[in-house]
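Chemist: Okay, here's the prediction I keep looking at, along with the sequence it came from:
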Amino acid sequence: MKIYHYLITPTARETAPESQLPDLVLAGTLKPETMVWTDGMAQWTPAGQVLPQLFSKTASAPPPLPPSTGGQRSHVIDFEIHGDDMQMVEVELDPGETVIAEAGGMCFMEEGIEFETKMGDGSAPVSGFMGALKAIGSRVLTGESIFMTHFTNRGAGRKAKVAFAAPYPGKIVPLNLAELGGEVLCEKDAFLCAAFGTSVGIAFNKKLGVGFFGGEGFILQRLRGDGLAFVHAGGTIVRRELKGETLRVDTGCLVGMTTGIQYDIQRAGNLKSMFFGGEGLFLATLRGHGTVWLQSLPFSRMADRIIAHAPSSGGSATGEGSVLGGIGRMFDGN
């Protein structure tokens, strides 16, 4: 069996038998541009030229998960999304059904809906002090409140509705987790609400480069279940299906992805492009088989521009229609 040498940095290399190369590709360690060498080769050559079968775009995607034999675990809810840029999702609950949401996200609720603030999403019973401590820790790491609100239809014999509003301009995206392999990873503040039975946890980025420069840090939110979940992101949302190809995106524009996607980062071109191109120092590299959601206006970008143009922060008050605007603000308190 051949032994391959591959570069992990310009001055460091690793070795692996040929049988382990597919696993290195799946892990994102071995890429088409990675330089490799083995006995019989005249010089170091990109892996994509030496082993094209490992990076074939026609490689088959993994089969869907087998259907659950115990029936759907999450509550089955109906919904309707209202609005265009400042959206809200209206969830209709049958008697006894529950939807979970981040604290403070509710917009209105009809008669018969009762809510209770609980620690965690309720997808699994919390056992003992250590279980409660673990649940609190995962919520703190994602920057969310340690509590979630459970809205339940307690009305007798009739449906009732509860609505949740988007926190800033953008779109609300419904995710049917049963059709997406049962799990989606998303940016840590994207979750809005979900059917009861959905697990809202955390996932760690294992690569240091992704953690430091990937835009989302080391912590992502993990949504698991077989029901509906709703996430929110800024601007326009684009859904892309990857079938083995590679997609490079701005690190802040990634909203979520299914588990078949490998997430890594790479430099944004040469040094001149990195520092003066306006696209940041690094780009996110997505490859594999699965679904990716991208946003056109990350909240951090929008907030930076608002702060930069705020007169109180030294920005210019342009476009207000009057050369006396500044004088007027002295009298009206603005």
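Modeler: That came in fine, so what should we check first? Because the structure is predicted, anything quoted here is derived from the model rather than measured.
Chemist: Could you tell me which residues make contact with residue 183?
Modeler: Each residue near residue 183 by Cβ atoms under 8 Å, 6 or more residues apart in numbering is listed here: 177, 222-224, 258-259. Heads up, the C-betas are built off the backbone N, CA and C, glycines and all.
Chemist: and with 7 Å instead?
Modeler: 222-224, 259 (Cβ atoms under 7 Å, 6 or more residues apart in numbering).
Chemist: Please apply the same query to residue 7.
Modeler: Residues near residue 7 by Cβ under 7 Å, 6+ apart: 13, 34-35.
Chemist: let's see 10 Å
Modeler: By Cβ atoms under 10 Å, 6 or more residues apart in numbering, residue 7 lies in contact with 13-14, 34-37, 44, 47.
Chemist: That one falls within a strand, correct?
Modeler: Yes. According to DSSP: H, G, I helix; E, B strand; the rest coil, residue 7 belongs to a strand.
Chemist: Number the chain from 19, please
Modeler: Let's use 19 as the start, then, which means that last one is residue 25.
Chemist: roughly how far apart are it and residue 47?
Modeler: Residue 25 sits 11 Å away from residue 47, taking Cβ to Cβ, to the nearest Å as the criterion.
Chemist: quick one: which helix or strand includes residue 322?
Modeler: Assigned by DSSP states H and E, residue 322 belongs to helix 317-327.
Chemist: export that helix as PDB, just CAs?
Modeler: C-alpha atoms of helix 317-327 as PDB (Å, rounded to 0.1, in the frame of the first residue of the first chain):
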ATOM      1  CA  PHE A 317     -26.500  42.200  11.700                       C
ATOM      2  CA  SER A 318     -22.900  43.100  12.700                       C
ATOM      3  CA  ARG A 319     -22.300  44.700   9.400                       C
ATOM      4  CA  MET A 320     -25.500  46.700   9.600                       C
ATOM      5  CA  ALA A 321     -24.800  47.800  13.200                       C
ATOM      6  CA  ASP A 322     -21.300  48.900  12.200                       C
ATOM      7  CA  ARG A 323     -22.600  51.100   9.400                       C
ATOM      8  CA  ILE A 324     -25.300  52.600  11.600                       C
ATOM      9  CA  ILE A 325     -22.700  53.500  14.300                       C
ATOM     10  CA  ALA A 326     -20.300  54.900  11.700                       C
ATOM     11  CA  HIS A 327     -22.900  57.300  10.400                       C
END
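Chemist: in it, what's buried?
Modeler: Residues 317, 319 are the ones in helix 317-327 that count as buried (16 or more other Cβ atoms under 10 Å).
Chemist: neighbours of the nearest residue in space to residue 187 that is not next to it in sequence, just the number please.
Modeler: Nearest non-adjacent residue to residue 187, counting by Cβ to Cβ, 6 or more residues apart in numbering: residue 103, 4.8 Å away. Using other Cβ atoms under 10 Å, residue 103 is surrounded by 12 other residues.
Chemist: Which phi and psi values does residue 103 adopt?
Modeler: phi -100, psi -30 (degrees, to the nearest 10).
Chemist: Quick check: pLDDT value at it.
Modeler: Per-residue confidence for residue 103 comes out at a pLDDT of 82.
Chemist: Repeat that for residue 313.
Modeler: Listed pLDDT for residue 313 reads 93.
Chemist: Same check on residue 250?
Modeler: 94.
Chemist: Start from the N-terminal end of the stretch 219-352 of the chain and give the helices.
Modeler: Under the criterion DSSP state H, counting those that start in this stretch, the stretch 219-352 of the chain contains helices at 226-231, 289-294, 317-327, 343-350.
Chemist: Out of those, which gets the lowest mean score?
Modeler: Note on the helices of the stretch 219-352 of the chain: lowest mean pLDDT is at helix 226-231, with a mean of 43.
Chemist: Grab the nearest non-local neighbour of the residue nearest in space to the middle of the chain.
Modeler: Nearest to the geometric centre of the chain sits residue 204, at 1.9 Å (Cα atoms, centre = their mean). Distances taken as Cβ to Cβ, 6+ apart place residue 274 nearest to residue 204, at 3.5 Å, with adjacent residues excluded.
Chemist: quick one, what contacts that neighbour?
Modeler: For residue 274, the contacting residues are 191, 193, 198, 202-205, 208-209, 238-239, 241, 247, 249, 251, 255, 257, 309-313, by Cβ under 10 Å, 6+ apart.
Chemist: buried subset of those?
Modeler: Those of the contacts of residue 274 that meet the buried threshold are 191, 193, 198, 202-205, 208-209, 238-239, 241, 247, 249, 251, 255, 309-313, by 16+ other Cβ under 10 Å.
Chemist: For the closest residue to residue 50 other than its chain neighbours, what is the enclosing helix or strand?
Modeler: Distances taken as Cβ to Cβ, 6+ apart put residue 66 closest to residue 50, at 3.1 Å, once the chain neighbours are dropped. Using DSSP H and E, residue 66 sits within helix 65-68.
Chemist: Selecting buried members of the contacts of residue 201 in PyMOL, what would you type?
Modeler: Only the buried entries of these go into this PyMOL selection, using 16+ other Cβ under 10 Å:
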select buried, resi 240+241+242+277
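Chemist: Of the contacts of residue 201, which belong to strands?
Modeler: 240-242 (DSSP state E).
Chemist: Could you verify that residue 212 is part of a helix?
Modeler: No. Using three-state DSSP, the assignment for residue 212 is strand, not a helix.
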